[in-house]
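Student: A predicted structure for the sequence below; I have some questions about it.
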Amino acid sequence: MTVDELMQQAFERPRTPRSPEYKAGCRAFLDFKLNQVAIERNYQFGTAQADAFFAGVDEGHAILRHAQTRCICPKNGVRMDCPRCGQQPDQPTGDA
């Protein structure tokens, strides 16, 4: 799954609204873990914006943990639905 797909699943459904800073933190963490993009410090520590950003980072952790429990892709070993091979959870891999 891509960062955009994970963000869409998390935030484009009925839920408590979140601030742009919160969503930015979530996206930054997912981008860091999935694409090795460095997390930039865009907010001054001790501000409400920084608190929201880091709360979003925490949700990013939770989103990724949830996604990683879905399936193990036989081609890349990543635990999630694999867009490269189409492997879905609980499908046999054919490797016996």
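Tutor: Looks like it came in fine. Residues are numbered from 1 along each chain as shown.
Student: Report the buried residues of stretch 34-53.
Tutor: Residues L34, Y43, Q49, A50, D51, A52, F53 are the ones in stretch 34-53 that count as buried (16 or more other CB atoms under 10 Å). Every residue, glycine included, has its C-beta placed from N, CA and C.
Student: swap in stretch 13-21?
Tutor: By neighbour count on 16+ other CB under 10 Å, the buried set for stretch 13-21 is R18, E21.
Student: mind putting the buried residues of stretch 34-53 in CSV, pLDDT, secondary structure and distance to F11 included?
Tutor: Converted to CSV, these look like this (pLDDT from 0 to 100; DSSP: H, G, I helix; E, B strand; the rest coil; distance: CB to CB, whole Å):
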residue, pLDDT, secondary structure, distance to F11
L34, 93, helix, 16
Y43, 96, coil, 19
Q49, 97, helix, 18
A50, 97, helix, 20
D51, 97, helix, 19
A52, 97, helix, 14
F53, 97, helix, 15
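Student: Was I right to think M1 contacts L64?
Tutor: No. When contacts are counted by CB atoms under 8 Å, M1 is not listed as touching L64 (9.6 Å).
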